[in-house]
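Asks: Pasting the sequence and the predicted coordinates here, then a few questions.
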Amino acid sequence: MEYQVYFQDKTLVFSTVLPDATFFPLRLSSLDEAARAKVLFFLEIHNKVAVIAADPVAAYERFAADFSAVDAAGGVVVNGEGEWLMIHRNGRWDLPKGRVDEHEPFDRCAVREIEEETGVEAEVLRPLCETRHGYYSPYTESWELKTTHWYLLRTAHCDQLKPQEEEGIEQVAWCNRREVEEHLEQSFPTIRRVIEALYALINRA
């Protein structure tokens with residue numbers, strides 16, 4: 001099993017083998033070497049780091065132990081025209097998502113966050129994938145590791161787009177395939193990973 005964790009535009013992978021030559025290999029002699037401080041030292045130098053371990057799950061768990069765990073949910077909403085819903089926030093194209101409330105099911109969180117951030121009421125069709133990204137939170141003054149649960153959703157309504165400005169959302173837009181591809185050039189790797197999962201689902205259909 002392989003774990004991917006994103007830090008802004010940087011990619012961290014826990015695996016038994018080097019994914020490809022673009023990754024810097026960090027080979028562990030013990031699980032203690034998977035501590036956050038050591039791994040992030042190498043990630044500051046390289047854009048892609050692969051932690052190579054005989055047991056990548058155990059290495060990931062050792063790394064994750066140095067973070068506070070956070071759950072979020074969001075998704076890709078498709079309308080009757082086959083367009084996909086995207087938001088623009090902090091200079092990047094993104095997908096609507098947000099933190100899970102206590103005892104809230106992940107799929108309900110996705111529906112709630114999408115409506116809050118975009119004004120679109122949608123229903124869940126199926127799960128898409130999960131992504132993980134790490135960051136330092138000045139609000140909690142701690143390192144957090146967020147797992148986002150992504151869904152494919154649909155809506156019959158295409159109008160009344162309302163960007164949640166207090167969350168820094170500047171624009172909400174329905175995008176065709178060409179526009180999505182263009183926007184992905186200004187997105188985080190996590191968002192590209194979600195769209196890849198959606199393409200894979202479409203190709204299997």
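Replies: Thanks, I have the structure now. Values in this document were obtained by computation on a predicted structure and should not be read as measured data.
Asks: secondary structure element for the residue lying farthest from the centre of the chain?
Replies: Of all residues in the chain, Ser29 has its C-alpha farthest from the mean position, at 29.7 Å, by C-alpha atoms, centre = their mean. Remark: Ser29 resides in no helix or strand, with elements defined by DSSP states H and E.
Asks: how about low-confidence regions in this protein?
Replies: 1, 159, 205 (pLDDT under 70).
Asks: now the helices for it?
Replies: Counting by DSSP state H, the chain has these helices, from start to end: 36-45, 56-64, 106-118, 177-184, 189-204.
Asks: Tell me which of those helices sits nearest to Phe24.
Replies: helix 36-45 (6.3 Å; C-beta to C-beta). (C-beta placed from N, C-alpha, C; glycine too.)
Asks: which residues sit against that closest one?
Replies: The contact list for helix 36-45 (C-beta atoms under 8 Å, 6 or more residues apart in numbering) reads Phe7, Lys10, Leu12, Phe24, Leu26, Val49, Val51, Phe63, Asp66, Phe67, Trp143.
Asks: Can you tell me who the last one pairs with across the strands?
Replies: Using DSSP bridges, the beta-bridge partners of Trp143 come out as Tyr136.
Asks: check contacts around it.
Replies: Applying C-beta under 8 Å, 6+ apart, we find Trp143 in contact with Arg36, Asp66, Phe67, Ser68, Gly134, Tyr135, Tyr136, Ser137.
Asks: How many neighbouring residues does the nearest residue to the last one once chain neighbours are set aside have?
Replies: Nearest-residue entry for Ser137: Glu144, 5.0 Å, with adjacent residues in sequence omitted and distances by C-beta to C-beta, 6 or more residues apart in numbering. Neighbours of Glu144 under the rule other C-beta atoms under 10 Å: 15.
Asks: that older thread, most neighbours, which of the contacts of helix 36-45?
Replies: Val51 (27 neighbours).
Asks: so it sits right up against Val17, yeah?
Replies: No: counting by C-beta atoms under 8 Å, Val51 does not reach Val17; the two are 11.4 Å apart.
Asks: Can you give me the domain assignment for this structure?
Replies: For the chain, automatic domain parsing gives the domain ranges 3-64, 72-128+148-204.
Asks: picking that back up, quick one: which of the contacts of helix 36-45 is nearest to His149?
Replies: Closest to His149 out of the contacts of helix 36-45 is Phe67 (17.4 Å), distances taken as C-beta to C-beta.
Asks: Could you pull up the residues touching Trp84?
Replies: Neighbour list for Trp84: Val76, Val77, Val78, Trp174, Cys175, Val180 [criterion: C-beta under 8 Å, 6+ apart].
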